[in-house]
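# Next input, structure requested:
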Amino acid sequence: MLKAVIFDVNGVFIESDFFSNRLAKDYTVPALEVVAALKAIMPIVRRPEAPSCYQLCKPYLQRWRVELGEEEFFAYWFSGERLVPEMVHYAQQLGKKMSVFLLSNNFRERTEYYRQQFPELFAAVDKAYFSCETGYVKPEENAWKNILRENKLRPEQCLYFDNDEENVAAARGLGLPAEHWKGRAQAKKVVKNLMRGE
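Numbering: from 1, shown residues only. This is a model prediction of the structure:
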């Protein structure tokens, strides 16, 4: 029996203009350089007690001659992110039948921004689990085990959606039914089928 749906956040509830593309357009920074920098920085800042994301980005910004202070930098980055109202509504509807959780690899400053700017998202779910708060970064098994343990759920009682195939594979490895995110229509169909026991 399906008792909970666990969703990734970015690319599901929050849509973003790629930060790398925006820097390329607005500051003529090669997008591939931004992607490479973020790949180096993200594994560090997604953990609790991580240094400021801005401090790690600052040497790159100086190299690219992007003159943004810390507040300006985050305002610029996060201004490209939008909440998807239809997904918030869907989470509210699901929440009438089962538990709904968020599971996200994210850094402190972005997580704080989401909690401040998108309170309706957090009101629509039972709980949000961010790696910078829990210490568990997908695709580490404990990212899912932590939710299961805390909410007294078995893997087969949950359904997981993520837009990263590696995370989907990791969840499946733990016995969770998991799907690569392809949109709300797909999610509704999968949930309906599982509730029917198909």
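# could I have stretch 4-13 exported to PDB, CA atoms only?
As requested, C-alpha coordinates have been extracted for stretch 4-13 and formatted as PDB (Å, rounded to 0.1, in the frame of the first residue of the first chain):
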ATOM      1  CA  ALA A   4       4.200   8.300   1.000                       C
ATOM      2  CA  VAL A   5       5.500  10.100  -2.000                       C
ATOM      3  CA  ILE A   6       8.900  11.700  -1.900                       C
ATOM      4  CA  PHE A   7       9.900  14.300  -4.400                       C
ATOM      5  CA  ASP A   8      13.100  16.000  -5.500                       C
ATOM      6  CA  VAL A   9      12.800  19.800  -5.300                       C
ATOM      7  CA  ASN A  10      14.800  21.400  -8.100                       C
ATOM      8  CA  GLY A  11      13.400  20.600 -11.500                       C
ATOM      9  CA  VAL A  12      10.100  19.400  -9.900                       C
ATOM     10  CA  PHE A  13       8.700  22.100  -7.600                       C
END
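# and that stretch, how far from the chain's centre?
Its chain's average C-alpha position is 7 Å from that of stretch 4-13, according to C-alpha atoms, centre = their mean, to the nearest Å.
# Just the buried residues of it, please?
Going by neighbour count (16 or more other C-beta atoms under 10 Å), the buried part of stretch 4-13 is 4-10, 12-13. (C-beta placed from N, C-alpha, C; glycine too.)
# do the same with stretch 146-161
For stretch 146-161, by 16+ other C-beta under 10 Å, it's 146-148, 151, 153, 155, 157-161.
# Which of these sits closest to A31?
Ranked by distance to A31 (C-beta to C-beta), the buried residues of stretch 146-161 are led by F161 at 27.4 Å.
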